[in-house]
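1. Just need the structure, nothing else, for what follows:
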Amino acid sequence: MIRRATTADIPDLDRLLYQVAEVHHRGRPDLFRGGAKKYSDEELAAIIADDERPIFVYEDGDAADRVATDGGTGAAGGGVIGYAFCVFQRNKGSHVLTDITTLYIDDLCVDESARGRHVGEALYRHVLGFAREHGCYNVTLNVWSCNPSAMAFYEHCGLKPQKIGMETIL
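-> Residues are numbered from 1 along each chain as shown. Sure, this is the predicted structure:
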């Protein structure tokens with residue numbers, strides 16, 4: 001089941017945020033701290049309350065049973081095994097950009113123990129439907145080049161590069 005996140009989901013969101021942070025830390029330890037997460041619990045509560053920044057969670061009713069049988073590596077507690085953090089972006093008043101509304105996927109994560117079960121695809125399809133219902137022109141996201149499995153997943157979902165960030169490390 002996919003639904004909007006509530007404050008009761010914060011412990012599960014924290015667990016998944018640490019997983020994402022670790023992937024980024026392994027890929028770019030020069031940029032991402034180990035053992036960190038993107039948002040504090042207070043920030044998460046504020047985001048959950050903000051309709052301009054919807055968070056969708058994938059709740060698996062069987063997750064608690066899986067934890068008991070897989071040695072505790074599955075989703076804990078409430079059964080949240082994936083999330084999609086989204087942000088509405090609007091270009092009203094821009095001198096160069098057209099007046100569109102974009103739904104930006106700030107973060108999408110599937111619990112390590114639930115990968116390969118199409119949870120990410122279900123979350124992505126849900127986000128697309130939500131964006132359509134809210135009159136969005138497009139859905140965008142950023143993906144780090146140090147995360148080739150995420151890049152392959154998004155390409156599998158039909159996303160195409162919109163812009164490319166480049167760097168020189170000094």
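2. longest helix in this protein, by residue count?
-> Scanning the chain for the longest helix, with DSSP state H as the assignment, gives helix 10-27.
3. where exactly do the helices run in this structure?
-> Counting by DSSP H, the helices of the chain are 10-27, 41-48, 63-69, 119-133, 148-156.
4. what ranges of the protein fall below the confidence cut-off?
-> Residues of the chain that meet the criterion pLDDT under 70 lie in 62-78.
5. measure residue 21 to residue 115 for me?
-> To residue 115, residue 21 is 17 Å away according to CB to CB, to the nearest Å. In this view, the C-beta of every residue, glycine as well, is placed from N, C-alpha and C.
6. picking up where we left off before, any chance of a markdown table for the helices of the chain, columns distance to residue 34 and mean neighbour count?
-> Formatted as a markdown table, the helices of the chain follow (distance: least, CB to CB, whole Å; neighbours: other CB atoms under 10 Å):
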| stretch | distance to residue 34 | mean neighbour count |
| --- | --- | --- |
| helix 10-27 | 5 | 18 |
| helix 41-48 | 20 | 15 |
| helix 63-69 | 25 | 14 |
| helix 119-133 | 24 | 17 |
| helix 148-156 | 19 | 14 |
